[in-house]
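Student: Just the structure for this:
(2 chains)
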Amino acid sequence: MRRALQAITSNLAASTGQLYRRRLPSVPRTDTLPERLLIHRYFFFSAERSPPITISTINPKVLSCDSAVHGEIVTRAKRLQQILLTKPSDLPFSEVIFCNVDDPQSLGQQPITFFREVLALCDHPELLDKGEVHGLFSLDSITRAKSIMKSIPGRTVGGYSDSKGIRSLRAAIAEGIGIRDGFSGNMEDIFLTDGASSGVHMMMRLMITSDRDGILCPIPHDPLYSASIALQGGALVPYYLNESTGWSLDVNELRLRLEAAFAAGIHVRALVVSNPGNPTGQVLADQNQREIIEFCRDEHLLLLADEVYQENIYTNKKYFTSFRKIARSMGYGEDDFNLVSFHSVSKGYYGECGMRGGYMEVTGLDSRVKQQLYKMASVNLCSNVTGQILMSLVMNPPRVGDGSYAHFTEERDNILSSLDQGSKMCVDAFKKMKGVTCNEVEGGLYLFPSIKLPNAALTAARSNGMEADTFYCRKLLDTTGIVTLPGSGFGQVPGTWHFRMTILPSQQKMAEILSRIADFHMKFMNEYRN
Amino acid sequence: MAPTKVLDPENINENIKNLVYAVRGELYIRASELQKEGKKIIFTNVGNPHALGQKPLTFPRQVMALCQAPFLIDDPNVDLLFPADAIARAKLYLSYTSGGLGAYSDSRGLPGIRQEVCDFLLQRDGYPSDPDLIFLTDGASKGVMQLLNIIVRDKKDGILCPIPQYPLYSATIELVGGTLVPYYLNEENNWGLDIKDLRQQVAAARNKGINVRALVFINPGNPTGQCLSESNLRDLIEFCHNENILMLADEVYQQNIYQDERPFLSAKKVLMDLGLPYSKEVELVSFHTVSKGYWGECGQRGGYFELTNIHPKAVDELYKVASISLSPNVPGQIFVGLMVNPPKPNDISYPRYLQESKSILESLRRRAHIMTDGFNSCRNITCNFTEGAMYSFPKVKLPPAAVAAAKAAGKAPDVFYCIKLLEATGISTVPGSGFGQKEGTFHLRTTILPSEEDMPEVMQMFKKFNDEFMSAYEGDLLTNNHHL
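Tutor: Numbers count the residues shown, from 1 in each chain, chains lettered A, B, ... in the order given. Reported below is the predicted structural model:
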């Protein structure tokens, strides 16, 4: 077995070694001038002065990263939106519907009342001293806001906080983690950040010292990971999730990719696992998580657990368990396992993307390394305080007995059941489309159906200078106004095609969206049939 | 399998290990430890007005509360608690968003807010701005980091920084792997700009093979407080034009002006006033924030930068990097809008807004004087007047015995002095070495933010400590001389 594995890995290394090392564009140095040329320029104002920050003189790592989320499809969608305002009759649809980003409140989802009550009172604590406040705010939101304000040094949301975040809020989050996992959290492990993305960037910056530092990332994955690794000049080491078995994560696949990377001279430092998955929507089973943890320990890897969708679960057959809980349940204490877990206020049932709240829980790291993380955080002073408060509310929501509990659970359950129904509606609709396969959406806010594109379509795409799935998404946009993102932005097995769509639109809207997609798909497949 | 650490100090990013951010460094950490032990600490290490008792302005907080909880707007009792203009403004800002505060905005920030910034800039400078060249950011610091990240390619890329400077710049340049090229402000000339020194520093750097790509200047200065004159700004612009250097104008303290001879002038205005070829060729990025001024809303993390004459492809790349983090926080963006578009003379909330902002500014001016005079009354201390910003940066003459004691303790002399000050009085300052200073001089930075009521006591505590410190270490010298 070992020899076979070695043979496979050396083949992989040969063919995929190119993948790892980002070839940075060569940068001509146009801006180093000897003294005499300086004088020349001073006296002869030339028309072709080249500004120092041209495209060829920008940090090449910046040039090398991609942002699928704001790529050509979205740019075109915004242009079409403009056309709708000026010449609506030019287009065969009356509305551009953005199904490319999971931005719940932009698609009509309402914020959780209790959370917003508390935030409003913290923003304007003068209200807390006025009698009229009781007519406008629930009693427990007033109590919670008072308690939060009392616990913030300076009793203000307008001050810079501790660079890890306000102590009392971290304590509340640690308590929430303890309630969730059955193993108490430690507030000194919590770093509150401007959204989970900020935390990911920090970790990549910390770990990547050269283009030989590799990070194992799932294919497909959220483009945040490829972008943040490219920005730091590291090597993305892909591992494939298995579409035919519900996007499952096979530790053997991890092992294979790790060996290949090692053979190619890449020092793999960490493994990124998204649970629930983005864009794939799978929820990991406990046994799977145990295997992953053992793999990381055996191979000396840091586990980066992206758990931002932990409250978006739509299956009775599986449930979310944090990697931290699994590790502790296996008997691995604080010092036995290197883990960074990310959470955010942007997803779940709260969907507060615009607030930019999140945290990373850093466990098992060397204390001196944690100090360096703290130092890095301190240069930006702190994350926004509103986001910090919101994160603490998400981890410590109304409980049984609280005045707002009934209303809170009603709002939460309505949103979650709507998402659940939306996910099932989408999967059912896509399964009915010819040439489309779609895995169950067990969790998350996206689905990632695969399309068997006919050869004629592939040819047409090529002649338009596009990837085949980009071509499909572009045609979908131009015909229906529906914005999706091509799978090529997330990674996929070569030769397969996918697109990513959110499950967020309301049931009514979703029915309309799915019907238009079905219509378009049928016409597309007819037009390009072999 | 024995548990081992994947990351240890030997195998993490060197740049992180090398950077120093003194504002939250050794002194702050020590102060926090002492605070935990029960000692009363007066934090004057960072410009954090609200944490020292400055009250937020009322109008913006009313608008924010309404935006956070839009159900209030529809409540029949809302006008018992909120004035009509706050309600109207909240409605307007909510209409700018695609789903309230909880929805991502454009990666450059809400177009409606960016338009407000443009209107403000037109009014302030008399020149139009393009909203697509305005980027709202999670605080000005994030904007600075984005620009430095795009400019610096490797150690051969140099960024000119004033000495002394706010260590965001030194720390970030280190983080992105560039080289800081210092240019010295002249303390004897009121922290004035010395173009000759600038030229020399650039030549020296180039001789070492450094590409000098950008110049940072902070106006009003941090930690130095000086306000640049129009001719200073013109000199800087002409210099950068000749040397083909991009200008990074940190103007976050533009509302904090405590003298009348040199009101704030933006780099953009002076650039445009100069006309061709400068106005079309000099590359300029200007930074602003809601954290300073009389707003002091540090915790909101709101700010923006404006790009002037930056290559369009570079603008695209900045946009791309911004889009990876999706969008800056929306409440912070709204604070930017409120700052650049405050209540106007006919608005209901105007009188209160005017009274609140004037009282803060006037008090800051008074405190700038109290502090400067207090420091200057010490025989071993000279302190330039805080013309602007929020800090005082006195120069402390330390006796040789103190310098020796510091060395014995393994500390820089000003760090030694500041630690002793902290332990004796609870006043937490930042040593001058954290900002850069001329070799052989020692400074400390404190803010002028302690309340007016507390200020006399703070200065008294400081003077008592300084007198005792000087007797202890000058006294030693006298005793030693006796034995000689």
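Student: Assign residue A:360 to helix, strand or coil.
Tutor: Following DSSP: H, G, I helix; E, B strand; the rest coil, residue A:360 is assigned to strand.
Student: Please name the spatially closest residue to it (chain neighbours excluded).
Tutor: residue A:199 (3.7 Å; C-beta to C-beta, 6 or more residues apart in numbering or on different chains). Yep, even glycine has a C-beta here, placed from its N, CA and C like the rest.
Student: Now do the SS call for that neighbour.
Tutor: Under three-state DSSP, residue A:199 comes out as helix.
Student: and it, how many residues sit next to it?
Tutor: For residue A:199, the neighbour count with other C-beta atoms under 10 Å in any protein chain shown is 28.
Student: And the pLDDT for residue B:77?
Tutor: Model confidence at residue B:77, given as pLDDT, is 87.
Student: Please give me every residue in contact with it.
Tutor: A:132, A:135, A:136 (C-beta atoms under 8 Å, 6 or more residues apart in numbering or on different chains).
Student: can you check residue B:406 too?
Tutor: With contact taken as C-beta under 8 Å, 6+ apart, residue B:406 is in contact with B:398, B:412, B:413, B:415, B:416, B:417.
Student: Quick one: those residues as JSON lines, columns for neighbour count and secondary structure too.
Tutor: Listed next are the contacts of residue B:406 as JSON lines, based on neighbours: other C-beta atoms under 10 Å in any protein chain shown; DSSP: H, G, I helix; E, B strand; the rest coil:
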{"residue": "B:398", "neighbour count": "21", "secondary structure": "coil"}
{"residue": "B:412", "neighbour count": "18", "secondary structure": "coil"}
{"residue": "B:413", "neighbour count": "24", "secondary structure": "helix"}
{"residue": "B:415", "neighbour count": "23", "secondary structure": "helix"}
{"residue": "B:416", "neighbour count": "22", "secondary structure": "helix"}
{"residue": "B:417", "neighbour count": "27", "secondary structure": "helix"}
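Student: still on that earlier bit, intersect the contacts of residue B:77 with the contacts of chain B.
Tutor: Restricting the contacts of residue B:77 to those touching chain B (C-beta under 8 Å from any C-beta of the partner chain) yields A:132, A:135, A:136.
Student: doesn't residue A:192 make contact with the residue nearest to residue A:360?
Tutor: No. Look at residue A:199 against residue A:192 with C-beta atoms under 8 Å: they stay out of range, at 9.0 Å.
Student: tell me which residues in the lengthiest helix in chain A are buried?
Tutor: When chain A is scanned for its longest helix (criterion: DSSP state H), the result is helix A:405-432. The neighbour-count check on helix A:405-432 (16 or more other C-beta atoms under 10 Å in any protein chain shown) flags A:408, A:411-412, A:415-416, A:418-420, A:422-423, A:425-427, A:429-430 as buried.
Student: That helix close to chain B?
Tutor: No. Between helix A:405-432 and chain B, judged by C-beta under 8 Å from any C-beta, nothing touches; the nearest distance is 11.9 Å.
Student: can you map out the strands along the stretch 301-450 of chain B?
Tutor: Under the criterion DSSP state E, counting those that start in this stretch, the stretch 301-450 of chain B carries strands at the ranges B:303-308, B:381-382, B:391-392, B:395-396, B:427-428, B:430-431, B:444-447.
Student: And those strands: which comes nearest residue A:360?
Tutor: Residue A:360 lies closest, by C-beta to C-beta, to one member of the strands of the stretch 301-450 of chain B: strand B:303-308, at 23.3 Å.
Student: What part of chain A, helix or strand, is modelled with the least confidence?
Tutor: Within chain A, no helix or strand scores below helix A:35-43, which has a mean of 36 by mean pLDDT, DSSP states H and E.
Student: Look at residue 461 and report its pLDDT.
Tutor: No chain in the question, so chain A it is. In this model, residue A:461 carries a pLDDT of 95.
Student: Can you look at chain B instead?
Tutor: pLDDT recorded at residue B:461 is 97.
Student: Low-confidence ranges, chain A, go.
Tutor: Where chain A drops to pLDDT under 70, the residues are A:1-56, A:67-70.
Student: Spell out for me which residue occupies the centre of it.
Tutor: With distances taken as C-alpha atoms, centre = their mean, residue A:222 lies nearest the centre of chain A, 5.2 Å away.
Student: Phi first, then psi, for the nearest residue to residue B:86 once chain neighbours are set aside.
Tutor: Ranked by C-beta to C-beta, 6+ apart and with sequence neighbours excluded, the top spatial neighbour of residue B:86 is residue B:62, at 4.0 Å. Note on residue B:62: backbone dihedrals following degrees, to the nearest 10 are phi -70, psi -50.
Student: Okay, residue B:62 and residue B:110: tell me how far apart.
Tutor: Separation of residue B:62 from residue B:110 (C-beta to C-beta, to the nearest Å) stands at 19 Å.
Student: Residue A:348 - nearest residue in space that isn't next to it in sequence?
Tutor: Once flanking residues are discounted, residue A:348 sits nearest to residue A:311: 3.6 Å by C-beta to C-beta, 6+ apart.
Student: where's residue B:255, which helix or strand?
Tutor: Assigned by DSSP states H and E, residue B:255 belongs to no helix or strand.
Student: Helix, strand, or coil at the residue nearest to residue A:348?
Tutor: Assigned state for residue A:311: coil (three-state reduction, three-state DSSP).
Student: number of nearby residues for it?
Tutor: Counted by other C-beta under 10 Å, the residues lying close to residue A:311 total 18.
Student: quick one on the thing from earlier: for chain A, which of the strands of the stretch 301-450 of chain B is the nearest?
Tutor: Proximity to chain A (C-beta to the nearest C-beta) singles out strand B:303-308 among the strands of the stretch 301-450 of chain B, at 9.9 Å.
Student: thinking again about what came up before, what's the next secondary structure element after the longest helix of chain A?
Tutor: Counting by DSSP H and E, what follows helix A:405-432 is strand A:436-437.
Student: partner strands of that following strand, parallel or antiparallel?
Tutor: strand A:450-451 (antiparallel) (DSSP bridges).
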